[in-house]
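Colleague: Make a model of this:
(chains A and B)
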Amino acid sequence: MVEQLLYAIEVSLNGLMTGILYSLVALGFVLIFKASGVFNYAQGIMVLFAALTLVGLQAGQVPFAHLINAVFGTRIYSFGWNLPAIAAIALSAMVMVVLAMAVEKFILKFLVHQEPVILFMATIGLAYFLEGFGELMWGGEIKPLDLPLPVGISDTIESATFERFGYGFFIDKLDIAAACVAAVLVLSLVLFFQYSKIGRALRAVADDHQAALSVGISLRYIWVVIWSIAGIVGLAAGIMWGAKSGVQFSLSLIALKALPVLMLGGFTSIPGAILGGIIIGVGEKLFDFFMNPIIGGATENWFAYMLALIFLVFRPQGLFGERIIERV
Amino acid sequence: MLYREAGEFRTSYPDDSQTFPIAFDKFRYYAILAVLFVGVPFIVNDYWANAVLVPVLVWSIAALGLNILTGYCGQISLGTGGFMAVGAYSCYKLMTAFPDLNVVFCIFLSGFVTALVGIVFGVPSLRIKGFYLAVATLAAQFFLVWLFNGVPWFYNYSASGQITVPERTVFGIAVTGPYTEPWAKYLICMFFVFVLAWLARNLTRSSVGRSWMAIRDMDIAAEIIGVNPLKAKLQAFAVSSFFVGISGALFFSVYLGAVEASEAFGINQSFLVLFMVIIGGLGSIFGSFAGAAFIVLLPVLLKNLLVGRLSWPTDIATNSEFIIVGALIIFFLIVEPHGLAHLARLFKEKLRLWPFPH
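Modeller: Here you go, the predicted model:
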């Protein structure tokens, strides 16, 4: 019995770590939704695109190699260099900033006064575009992400818990690193929002677009900034997921899991995204653990959505969302 | 010159409230119907039926269904793929459990089964609104697909986990199974499209449809003027799921013949139908057809152009397809957020004045 309890605790700890990764993806959604009211479906693809770019840059892949070879009959694949990790990360972050500028210039600028559902559809279009573009640029095969991140089972935790409880906990070092990265990101985002000038402008825009415009805040500049930040947060999420399971196109499906996380936490709340991620991560692992013998496996596919659905029936705005006030 | 309403006098309310009040429209409608029902079956070949006509018809039914829910009642749903799976699997179970039952009834019955499931998943819409509802319907999508993959009873314990359609006939002509003639496939789909489009058109201009539109425009205000939101929303979910279920049943039994839930009815299909509705035009019957045709035919066209004409490698062509479809969607939303149906309306306005616009 004790054995099983300890096992359940281990499962939920692992779920906790997965949940933090979910919240990293959800964070990008929240940032964009807060500042521009756009429900950015493409965030998942942005995570993937960032990770693909990172791997490609690091390995010195030639972008569009396949297309160039097909059109000109050449056989080029690689520049033949390997960038150091830091340089590759910095370059990918710059690519995400360029992407943010392009999104603002070619999409958002034209859709300013449209209904939210139209903007939502536009981001789905963007997701399609980026999916094709990313694959065309870097190729579709699964790529390992080679960064100096700690991986493997943490021996210290295992031996410490074994001495204490007579049962060693298996916890991946990478998960702990991911938790640390998430903590640092959230902390710096909160500080940035609270104390920097741009952060204040961002909060003003989130409160009221027109009032923000009237005190001289440039909406378009703010949008570029927020999409860039979301892109960089996506890059961090992409690094963590990529290190865990390789950079591949199923990453964008994992990113869909960020949606119930958002709903649980509320679309507009950063702490909500983190807490929602943890609840979903732990919940789905535990549910699978207890229900697997009864109703079969792979419940992780839908558990998060069902949980969010049931939760929302009782609290429609999520845990920390702004109260929905309706006027006729 | 061709298209005008001058000289047409309507003297009674039924005259005035008919679907096609202008004689030219009515004439055109019957002409198109005649061509579709009598002309096309004689000239259709295997490629045109399987790659173009049947998928367009099947997807139009799904788009009609989602348009009722999203365009007329204002509830965004991302669960269309899941509901199509319900239609397909209930059609399969009905066909195998009652081999003597006519396949047309099986398909209609699977529509009713899907309607029931739709009502169950529509209940939360009373509390959850907007994007929250859209994500909540994802629960239906993932749960239903998981259910059909995970419970062997649904696929009759077949080893592959696939469902394969048994051969069935209507008036002695095979309409499902491997030996179906292309024209028979086409005609059975056309029959369902005709019946359902007629139903959709008349539902949406009845009091039921008006209560949906009231809910869409503002649900609290609608409640105040006496529309029962519970009834209206659940009606919309039921009718929409009925359509989507029939489309799923046809998709499985007539179009593909054998499906596997997670492949054929994944989340991508839900988005595809949503695209059709938005590109075609929210709240428009014609828009559902236009959107379905656009989204189904665009990849076919691109594939013919890129692989057939320019002989690019298929993987590059697939990726370019994604890029072009994505870019076109954004382009359309920017240029014409009200969809193809609005373009058609503008064209009609132009045509009324042609050739003397001043």
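
Colleague: Could you measure from the residue lying closest to A:Met121 once chain neighbours are set aside over to B:Pro355?
Modeller: Leaving aside its sequence neighbours, A:Met121 sits nearest to B:Ile278 (Cβ to Cβ, 6 or more residues apart in numbering or on different chains; 5.0 Å). Any C-beta I mention is one placed from the backbone N, CA and C, and that applies to glycine too. Remark: distance between B:Ile278 and B:Pro355 (Cβ to Cβ, to the nearest Å) = 34 Å.

Colleague: can you check B:Leu57 too?
Modeller: Distance from B:Leu57 to B:Pro355, counting by Cβ to Cβ: 35 Å.

Colleague: what do you get for B:Asn304?
Modeller: 36 Å.

Colleague: more crowded one of those two?
Modeller: A direct count of neighbours by other Cβ atoms under 10 Å in any protein chain shown for B:Asn304 and B:Pro355 places B:Asn304 higher, at 11 against 7.

Colleague: which ones are touching that one?
Modeller: With contacts defined as Cβ atoms under 8 Å, 6 or more residues apart in numbering or on different chains, B:Asn304 has no neighbours.

Colleague: Tell me the pLDDT of residue 132.
Modeller: You didn't say which chain, so I picked chain A. Here, the pLDDT recorded for A:Gly132 equals 85.

Colleague: To clarify, I was referring to chain B.
Modeller: pLDDT at B:Tyr132 comes out at 77.

Colleague: what about it, neighbour count?
Modeller: Neighbour count for B:Tyr132, taken as other Cβ under 10 Å: 25.

Colleague: Am I right that it is in contact with A:Leu262?
Modeller: No. Counting by Cβ atoms under 8 Å, B:Tyr132 stays clear of A:Leu262, with 9.2 Å between them.

Colleague: shared neighbours, the two?
Modeller: A:Gly318.

Colleague: continuing past the helix or strand where B:Leu109 lies, what's the next helix or strand?
Modeller: For B:Leu109, the host element (DSSP states H and E) is helix B:103-122. Note on helix B:103-122: by DSSP H and E, the next helix or strand toward the C-terminus is helix B:130-150.

Colleague: Now A:Leu119: closest residue in space, sequence neighbours ignored.
Modeller: Nearest non-adjacent residue to A:Leu119 (Cβ to Cβ, 6+ apart): A:Val38, at 4.8 Å.

Colleague: and if you look at A:Leu31?
Modeller: Distance criterion Cβ to Cβ, 6+ apart; nearest residue to A:Leu31, sequence neighbours excluded, is A:Ala230 at 4.8 Å.

Colleague: Next: B:Phe98.
Modeller: Excluding the flanking residues, the one nearest B:Phe98 by Cβ to Cβ, 6+ apart is B:Cys106, at 7.5 Å.

Colleague: picking up where we left off before, list the buried ones in the helix holding B:Leu109?
Modeller: For helix B:103-122, the neighbour count (16 or more other Cβ atoms under 10 Å in any protein chain shown) marks B:103, B:106-111, B:113-115, B:117-118, B:121-122 as buried.

Colleague: who are the neighbours in contact with A:Ala204?
Modeller: A:Ala211, A:Ala212, A:Val215, A:Ile217.

Colleague: how about the residues of the stretch 151-300 of chain A near chain B?
Modeller: A:Leu253, A:Leu256, A:Leu259, A:Pro260, A:Leu262, A:Met263, A:Phe267, A:Ile295, A:Gly296, A:Gly297, A:Ala298, A:Thr299 (Cβ under 8 Å from any Cβ of the partner chain).

Colleague: contacting residues for the residue nearest to the third one when sequence neighbours are not counted?
Modeller: Closest residue to A:Leu259 in three dimensions, ignoring its sequence neighbours and counting by Cβ to Cβ, 6+ apart: B:Val135, at 4.6 Å. Applying Cβ under 8 Å, 6+ apart, we find B:Val135 in contact with A:Leu259, A:Pro260, A:Leu262, A:Met263, A:Tyr305, A:Ala308, B:Leu78.

Colleague: ok, so of those residues, who is nearest B:Lys185?
Modeller: Nearest to B:Lys185 among the contacts of B:Val135, counting by Cβ to Cβ, is B:Leu78 at 29.0 Å.

Colleague: Give the full set of residues in contact with that closest one.
Modeller: Listed by Cβ under 8 Å, 6+ apart, the contact set of B:Leu78 reads B:Ala134, B:Val135, B:Thr137, B:Leu138, B:Gln141, B:Ile267, B:Ser270, B:Phe271, B:Leu274.

Colleague: Counting neighbours, what do you get for B:Gly81?
Modeller: If you count neighbours by other Cβ under 10 Å, B:Gly81 ends up with 28.

Colleague: residue contacts, A:Val55?
Modeller: A:Val55 touches A:Gln61, A:Trp138, A:Lys143, A:Pro144, A:Leu145, A:Asp146, A:Gly242, A:Val247, counting by Cβ under 8 Å, 6+ apart.

Colleague: what helix or strand is it on?
Modeller: Assigned by DSSP H and E, A:Val55 falls in helix A:43-58.

Colleague: got the buried residues for the helix or strand just after that helix?
Modeller: Later in the chain than helix A:43-58, the nearest helix or strand by DSSP H and E is helix A:65-72. Neighbour counts over helix A:65-72 (16+ other Cβ under 10 Å) mark A:Ala65, A:His66, A:Leu67, A:Asn69, A:Ala70 as buried.

Colleague: how about the strands in the chain?
Modeller: If you meant another chain, say so; for now it's chain A. Under the criterion DSSP state E, chain A carries no strands.

Colleague: that answer is for a different chain, and I need it for chain B
Modeller: Under the criterion DSSP E, chain B carries strands at the ranges B:163-164, B:168-170, B:173-176, B:258-259.

Colleague: Give me whichever of these is most buried.
Modeller: Most buried of the strands of chain B by mean neighbour count (mean count of other Cβ atoms under 10 Å in any protein chain shown) is strand B:163-164; its value is a mean of 22.
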